[in-house]
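K.L.:
okay, sequence plus prediction incoming.
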Amino acid sequence: MAARPVEGDPVATPPARRPLTPGATGFALFLAALWGGNPVAIKAGLDDAPPLRLAGYRFIAGGIVTIAWALATKQSLIPNRRDLPALAGLAVLFAAQIAFMNIGQDQTTASHASVIGQTFPLWTGVVAHFAVPGDRLTPSRVAGTLVAYAGVVLVVARDLGNPEATVLGDALMVCSAALLGSRLVYTSVASQHVEMPKLLMTQVVVGVVVFLGLGATIESEPWRLTGQLALSVFYQGFVIAGFGFIANMWMLKHYMPSGVTALSLTTPVWGVIIAHFVLGDALGPSLFAGVGLVVAGMSYAHLATVRQQRRALRAAGTVTAK
């Protein structure tokens, strides 16, 4: 989708997006690895801060990066009256999704959070089927979705008989993933008439005001300023909520979205590996099998989407058959 020119900026023809180069492929894999470490950073931070306040600290750091990026690129962060309904809807979805994610992360393992949280593209496909014209679920995409869901069930089922089961945390993470998928579709629609920096800043404001406010009101657990907490907030805020969002946007602007998205499917694998080395999470065979099914199912669904888009382009006469 084309970004709307910012008022006052010169109007330029957006550059054509191109296939991933080897360097861009490596950078996309690097970003996927960074995102895989986010649940690990959250889990580490929860040792010294309660979940809602930890989310607030994250968005303070992310807000610093967002403001610096907007100022450096001379983009407006101030919404006009027409933007307010769309931004209000985004604020509600965003607050609910992050609350489920942080509370769920507090009740489950980082490995489970990495795998279950990565199911958000499945929910995106389901919601887009009803909300975005032309983005239809096909039998192949449904098959890929079912395979990926089987992987999630396999990961969760291994703890069902465990006295230390994390079923509640896993369920909260599923809710967070569903809300994230819905939010991405909502953002895709809203970005047709609201500039992206305004959408990002809405998320920052919600994160700081809502989560720090709720944390101060309902969370009684103490927090400790430790080096581990500082590193956790730095990673979640400056690395992910700041650099990660901006870098992903840059990749999607300059390269084919299908290629960038396909490489992001490695995120749960990175998450499980990082959780093992940083937090000592166990790497059982069922966890590996579940990760494999999630990645295989998502990849199959993604390839089906690419084929569908190519057929649509050929039908429109914009692609010449070989």
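P.N.:
Looks like it arrived, so ask away.

K.L.:
touching, residue 211 and residue 50? I think so.
P.N.:
No. Judged on CB atoms under 8 Å, residue 211 makes no contact with residue 50 at a distance of 10.2 Å. Quick note: C-beta positions are derived from backbone N, CA and C, even for glycine.

K.L.:
more neighbours: these two, which one.
P.N.:
Neighbour count, other CB atoms under 10 Å: between residue 211 and residue 50, residue 211 has more, with 25 against 19.

K.L.:
specify the local secondary structure of that one.
P.N.:
helix (DSSP: H, G, I helix; E, B strand; the rest coil).

K.L.:
give the helix, strand or coil label for residue 192.
P.N.:
Going by three-state DSSP: residue 192 is coil.

K.L.:
give me the phi and psi angles of it.
P.N.:
phi -70, psi -20 (degrees, to the nearest 10).

K.L.:
what helix or strand is the closest residue in space to residue 304 that isn't next to it in sequence on?
P.N.:
When the adjacent residues along the chain are set aside, residue 304 lies closest to residue 140, with 3.5 Å between them (CB to CB, 6 or more residues apart in numbering). Here residue 140, judged by DSSP states H and E, is contained in helix 139-157.

K.L.:
quick one: list the elements packing against that helix.
P.N.:
When contacts are defined as 3 or more CB pairs under 8 Å, 6 or more residues apart in numbering; DSSP states H and E, helix 139-157 packs onto helix 110-117, helix 120-131, helix 167-190, helix 285-315.

K.L.:
distance to residue 201 and mean neighbour count added to those, as CSV?
P.N.:
As requested, those are exported to CSV (distance: least, CB to CB, whole Å; neighbours: other CB atoms under 10 Å):
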stretch, distance to residue 201, mean neighbour count
helix 110-117, 24, 28
helix 120-131, 22, 19
helix 167-190, 13, 20
helix 285-315, 30, 17
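
K.L.:
out of these, flag the one nearest residue 230.
P.N.:
helix 110-117 (18.6 Å; CB to CB).

K.L.:
that closest one to helix 167-190, inter-axis angle?
P.N.:
40 degrees (axes from the mean of the first three to the mean of the last three CA atoms, to 10 degrees).

K.L.:
before we move on, the earlier item: any chance of the helices and strands packed on helix 139-157 in CSV, with distance to residue 58 and mean pLDDT too?
P.N.:
Shown next, in CSV, are the helices and strands packed on helix 139-157 (distance: least, CB to CB, whole Å; pLDDT from 0 to 100):
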stretch, distance to residue 58, mean pLDDT
helix 110-117, 15, 76
helix 120-131, 18, 80
helix 167-190, 15, 87
helix 285-315, 25, 74
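
K.L.:
need those helices in JSON lines (columns: distance to residue 232).
P.N.:
Listed next are the helices and strands packed on helix 139-157 as JSON lines, based on distance: least, CB to CB, whole Å:
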{"stretch": "helix 110-117", "distance to residue 232": "12"}
{"stretch": "helix 120-131", "distance to residue 232": "22"}
{"stretch": "helix 167-190", "distance to residue 232": "18"}
{"stretch": "helix 285-315", "distance to residue 232": "23"}
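
K.L.:
right, and those helices - which one's nearest residue 99?
P.N.:
helix 167-190 (8.3 Å).

K.L.:
tell me the buried residues in whatever helix or strand comes next after that closest one?
P.N.:
Going down the chain from helix 167-190, the next helix or strand is helix 196-206, by DSSP H and E. Using 16 or more other CB atoms under 10 Å as the test for burial, helix 196-206 gives 196, 197, 198, 199, 200, 201, 202, 203, 204, 205, 206.

K.L.:
hmm, who's touching helix 196-206?
P.N.:
For helix 196-206, contacts defined as CB atoms under 8 Å, 6 or more residues apart in numbering pick out 3, 59, 62-63, 66-67, 69-70, 75-79, 83, 87, 90-91, 94-95, 187, 190-191, 241, 245, 249.

K.L.:
pull the helix holding residue 140 out as CSV, backbone CA atoms only.
P.N.:
What follows is helix 139-157, C-alpha atoms only, in CSV (Å, rounded to 0.1, in the frame of the first residue of the first chain):
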residue,chain,number,x,y,z
PRO,A,139,-8.3,-24.2,0.9
SER,A,140,-4.5,-24.2,0.8
ARG,A,141,-4.2,-21.3,3.3
VAL,A,142,-6.7,-23.0,5.6
ALA,A,143,-4.7,-26.2,5.4
GLY,A,144,-1.5,-24.3,6.4
THR,A,145,-3.4,-22.7,9.2
LEU,A,146,-4.5,-26.1,10.6
VAL,A,147,-1.0,-27.5,10.4
ALA,A,148,0.3,-24.5,12.4
TYR,A,149,-2.5,-24.8,14.9
ALA,A,150,-1.5,-28.4,15.4
GLY,A,151,2.0,-27.2,16.3
VAL,A,152,0.6,-24.9,18.9
VAL,A,153,-1.5,-27.7,20.4
LEU,A,154,1.5,-29.9,20.5
VAL,A,155,3.6,-27.4,22.4
VAL,A,156,0.8,-26.7,24.9
ALA,A,157,-0.3,-30.4,25.3
